[in-house]
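Novice: Have a look at this prediction, sequence included:
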Amino acid sequence: MGSALIVAGAAATVVIVEAGDSPGASGVQDSTKVLLRGDTVPGLYPRFDIEAPLPIRLFARMDGGCLSLGAARCRGLSDPANFDYAALELDQPLTREMLDVVRPVPAPGLVPDVDWVDHVDADPIRALESFALGWFPAEQPEPAEEGNEVGELGILPEALVAFHRLARFRPALHRFHDSVLEQPRRASGPFGDRLVFAVQDGAGMDWSIPWLLEGPGAVDPRVWCTDDPCALEPEAFIEEEPLSRFLLQFTLYEATIAAPYQAWTYCMPPARLDTLWSKLRPIPLSPFLPTYTAEKLFVAPGLLMSASMDENEAVVAFGALHRATLTPLLEHGFRWSRFDG
């Protein structure tokens, strides 16, 4: 299946994966997870079903032989007729030394700089453009949308126009877990007519600006966050940041949780973070989702960090473009609930 060899024996199912760094493809992903992904092999499905009677033994193919990784259990798989994917979990996690042998960390290559932080206060739209063009890979530009009931994008505030213009060249901006809508929509309710431009996945929350903007706020309007907008009496509050800075804040937070490599800490005293501050630049924005997790945002080359903390405890999440950018974080000795480095 893919680069992996699966042997259906009389006493066990043996899986041999290629050593190397293969995120998302067949191979070792981290200290406990091994993926199988490739052509459909429906005849092997019973070997990986949760009720399969035979054990699964994992090996990594090395120069001169195979290295045993131990026994594993299947924690997720595709349907029987189209069996082309399985997620295996090792019974015993690999040591760091073993992990570096079977899944060596490649050099990070080029990483985007963080000079855009200098523009956040004076020109947040420019900061957003510089960040997105450096962080997300170039793709074929998306075709421009025709006007809809809202009108052409030209009638919207400049910050929203700039975001949609940027998303044509970096479509990843529209693939976040929570998204800025490609077509903003009108809504009405107890807070008056508004234009909803972003939603939380599952529509549990949305963000909007007043509809038919007039006066000084029309250039860079305030943003309303509405919790459970479908409720009879939804709760709403005004975001700390105006639209231009909110779009940057929203993009940085979503880019952190959408990054290809992740690291999340368990709760710890804030003093444990002291060794990090010299390696990170704080982004001069107010905390994101202040009534919930109040995430403060930080950046380093190729690395984003969000921290939810008060004077007693802190929880931190990192997002990175390359595995090697996360690996140096091991020296800080944090307890990790997830670590892709």
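Specialist: The structure has been received and is ready for your questions. Model, not experiment: these values are computed from the prediction.

Novice: Tell me which residues are up against stretch 302-311.
Specialist: The contact list for stretch 302-311, computed with Cβ atoms under 8 Å, 6 or more residues apart in numbering, reads 108, 111-112, 252-253, 255-257, 259, 270, 273, 276, 280, 288, 293-299, 314-322, 325-326. C-beta here means a position set from N, CA and C on the backbone, and glycine is covered the same way.

Novice: In the helix or strand of the chain with the lowest mean pLDDT, which residues are buried?
Specialist: Taking mean pLDDT, DSSP states H and E as the measure, strand 235-238 is the helix or strand of the chain with the lowest mean score, a mean of 84. Across strand 235-238, burial judged by 16 or more other Cβ atoms under 10 Å covers residue 236.

Novice: What are the contacting residues of it?
Specialist: Everything outside strand 235-238 that qualifies as a contact, by Cβ under 8 Å, 6+ apart, is 191, 222, 223, 224, 225, 226, 227, 228, 291.

Novice: The closest residue to residue 300 other than its chain neighbours: neighbour count?
Specialist: With sequence-adjacent residues excluded and distances taken as Cβ to Cβ, 6 or more residues apart in numbering, residue 300 is closest to residue 280, at 5.2 Å. Residue 280 is flanked by 18 other residues according to other Cβ atoms under 10 Å.

Novice: show me what contacts residue 280?
Specialist: Residue 280 touches 298, 299, 300, 303, 305, counting by Cβ under 8 Å, 6+ apart.

Novice: swap the cut-off to 7 Å and go again
Specialist: 298, 299, 300, 305 (Cβ atoms under 7 Å, 6 or more residues apart in numbering).

Novice: and the end-to-end length of stretch 77-84?
Specialist: Length of stretch 77-84, first residue to last, Cα to Cα, to the nearest Å: 8 Å.

Novice: So what touches that stretch?
Specialist: Residues outside stretch 77-84 that contact it (Cβ under 7 Å, 6+ apart): 1, 37, 38, 39, 40, 41, 42, 44, 45, 48, 85, 86.

Novice: Show me how to select, in ChimeraX, the buried members of those.
Specialist: To isolate the buried members of the contacts of stretch 77-84 in ChimeraX, using 16+ other Cβ under 10 Å:
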select :1,37,44,45,48,85,86
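
Novice: among the contacts of stretch 77-84, which are in helices?
Specialist: Among those, the members found in helices (DSSP state H) are 45, 48.

Novice: Between the contacts of stretch 77-84, which sits nearest residue 118?
Specialist: Closest to residue 118 out of the contacts of stretch 77-84 is residue 37 (41.9 Å), distances taken as Cβ to Cβ.
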